[in-house]
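**Q** Here is my input; please provide its structure:
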Amino acid sequence: MRRTITSCAILVLLIGTANAEQCPPGSLGVSRTLVVDPNEHARVGSMQYPETLPLNDHEVVLTFDDGPLPRYTNPVLETLASECVKATFFMVGQMARAYPWMVRRVYDEGHTVANHTQNHPIRKMSVDQAAREIEEGFESLRKAIGDSQAVSPFFRIPGLLRQKSVEQYLAAHGDMTWSADFLADDWTRINNSEVARRAISRIEARGRGILLLHDIHARTVLALPEILNELKSRGYKIVHVVPAAADRPKTATSAEQWVARPTPEQHTSPSQMRPLRRPPKRGLRALHDVRFRSKADMARASRARRFDEIDP
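**A** Coordinates of the predicted model:
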């Protein structure tokens, strides 16, 4: 299994980092850039909120949480580059401080850098505690890049453990809270084929939306090429989301386009998915089963992504 991951990483490295001018023929690419104003739409994601991003049918926004972790973030970036795709990375501040060059690489390659707190606490917090986590997270990302304007005012609460007081704090400070429209369960003990199957089946059930993945797992590295290939073969388009700025006006939309529509149940029947091998059923762990409280925690996180959890 270790050789499989290494071979996958080498393959995407050989493809190289592609920019818009170097996209290979037939690549998925970015169909459009959606510019949003957090002051007008403070919370998005139909899993938890009445609004979500104003996407057209067969449009998907890719997001990655909990990184950067070089062992996995690097091959994720190479896979995205091989298809000329852009994503939003919700980064943990402590990880950014540990690997600032990875934050810069994500930014330099044109992806959106966003905040996922300083320490990734999975618990209810007071407003003061949450404020420290939020502001320290933003500060760590800004220091890593070296540009105070480079970090988007986008934020995702760890574990999607929403709190009204925290959401109000974020809105008051001009930050947009992101949930998601569908998950791929890549933080659980399922193999990469099942991650891809769940991602595609849930995208197909809704037809558009925000996909939540994690760039700290080997299974995600292995699943991502399959997810992108399936999206391309099924006619889906990737949308890149960025915040409005003085020199970048918001995309014109109507209020109706932001309304989150009722959708089929998140957990779609396997029969609705094209054949992808199903693994044995296993118990699920809590969402985002990872915390970064110290350097020792970060070292353990790097060691904890066991290859025997992945499809052999």
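**Q** got the contact list for the closest residue to Trp178 other than its chain neighbours?
**A** Spatial nearest neighbour of Trp178, excluding adjacent residues (CB to CB, 6 or more residues apart in numbering): Arg156 at 4.7 Å. Bear in mind the C-beta positions are built from the backbone N, C-alpha and C, glycine included. Taking CB atoms under 8 Å, 6 or more residues apart in numbering, we find Arg156 in contact with 63, 65, 90, 114-116, 177-179.
**Q** Next one: Arg156 from Arg261, what distance?
**A** Taking CB to CB, to the nearest Å as the measure, Arg156 falls 21 Å from Arg261.
**Q** got a list of what Ile210 touches?
**A** Counting by CB under 8 Å, 6+ apart, Ile210 touches 44-45, 52-53, 60-61, 63, 178-182.
**Q** So which of these sit within strands?
**A** 44, 60-61, 63, 178, 182 (DSSP state E).
**Q** same for the longest helix seen in the chain, what does it pack against?
**A** When the chain is parsed with DSSP state H, its longest helix is helix 127-145. Contacts defined by 3 or more CB pairs under 8 Å, 6 or more residues apart in numbering; DSSP states H and E place helix 127-145 against helix 93-98, helix 100-108, strand 112-115, helix 164-172.
**Q** How many neighbouring residues does the closest residue to Phe154 other than its chain neighbours have?
**A** Excluding the flanking residues, the one nearest Phe154 by CB to CB, 6+ apart is Ala114, at 3.7 Å. Residues within reach of Ala114, counting by other CB atoms under 10 Å, total 26.
**Q** how near is Ala114 to Ala144?
**A** 13 Å.
**Q** The residue nearest to Phe154 contacts Thr177, doesn't it?
**A** No: in this structure, Ala114 is not within contact of Thr177 by CB atoms under 8 Å, at 10.6 Å.
**Q** quick one, strands of this structure?
**A** Counting by DSSP E, one finds strands in the chain at the ranges 32-36, 43-44, 59-65, 88-91, 112-115, 154-155, 176-178, 182-183, 209-214, 237-243.
**Q** Turn these into CSV, columns for mean pLDDT and distance to Gln168.
**A** Converted to CSV, these look like this (pLDDT from 0 to 100; distance: least, CB to CB, whole Å):
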stretch, mean pLDDT, distance to Gln168
strand 32-36, 98, 19
strand 43-44, 98, 10
strand 59-65, 98, 22
strand 88-91, 98, 20
strand 112-115, 98, 17
strand 154-155, 98, 13
strand 176-178, 98, 10
strand 182-183, 97, 25
strand 209-214, 98, 22
strand 237-243, 98, 20
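**Q** wait, which of the ones you listed is closest to Arg198?
**A** Nearest to Arg198, of all those, is strand 182-183, at 7.5 Å by CB to CB.
**Q** on that earlier part again, pairing partners for the residue nearest to Phe154 in the sheet, please.
**A** Applying DSSP bridges to Ala114 gives these bridge partners: Phe90.
**Q** How about the contacts made by it?
**A** Shown in contact with Ala114 (CB under 8 Å, 6+ apart): 88-91, 151-152, 154-156, 178.
**Q** Try it again at 10 Å.
**A** Contacts here follow CB atoms under 10 Å, 6 or more residues apart in numbering; on that basis Ala114 touches 63-65, 88-91, 137-138, 141, 151-156, 175-176, 178, 241, 243.
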